[in-house]
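*Asks:* Coordinates only, no sequence provided:
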């Protein structure tokens, strides 16, 4: 793995040095302030449950999460986000930059809309991490599990 390649010539040179013939090239996301987990699971007793949590490496370390039943409205999602232990980091801790909460909510509603449109077929969706910056929220890794209709 090679990081921070800024020119196509660098990419080509490093590719020649790698012992394989297929590559995955991804954009480096700069300016990440925090990482979130956005997940939905289909619970047999409750239906779809949305989980918002500290993401990336902090998911297991902090155990910082909140769950809501779908569908969730804008106020419920904002209140859930602001109840997380990492909220101060998202909100510009110690004079730092704050994240674009509108972009985060747009991503959450996109996941909710996808699950709703595919209700009964989707058993799980998870974005982890959702890299949150001053101007955007970028899904760096995502999982979608398709299951049988309940």
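*Replies:* Thanks, I have it. Just so it is clear, the structure is predicted and the values come from calculations on it, not from any experiment.
*Asks:* which stretches of the protein aren't confidently modelled?
*Replies:* 148-150 (pLDDT under 70).
*Asks:* Just give the closest residue to residue 135, not the sequence neighbours.
*Replies:* Excluding the flanking residues, the one nearest residue 135 by C-beta to C-beta, 6 or more residues apart in numbering is residue 100, at 5.5 Å. Bear in mind the C-beta positions are built from the backbone N, C-alpha and C, glycine included.
*Asks:* wait, doesn't the one you found sit right on residue 131?
*Replies:* No - using C-beta atoms under 8 Å, residue 100 is not in contact with residue 131; the gap is 11.2 Å.
*Asks:* what helix or strand is residue 51 on?
*Replies:* Per DSSP states H and E, residue 51 falls inside strand 47-54.
*Asks:* ok, the residue nearest to residue 135 to residue 1 distance?
*Replies:* 28 Å (C-beta to C-beta, to the nearest Å).
*Asks:* Neighbour count for the two, which is higher?
*Replies:* A side-by-side neighbour count of residue 100 and residue 1, using other C-beta atoms under 10 Å, places residue 100 first with 17 against 5.
*Asks:* Specify the local secondary structure of the residue positioned nearest the centre of the chain.
*Replies:* Centroid check for the chain by C-alpha atoms, centre = their mean gives residue 130 as the closest residue, at 2.6 Å. Classification of residue 130 into helix, strand or coil gives strand, according to DSSP: H, G, I helix; E, B strand; the rest coil.
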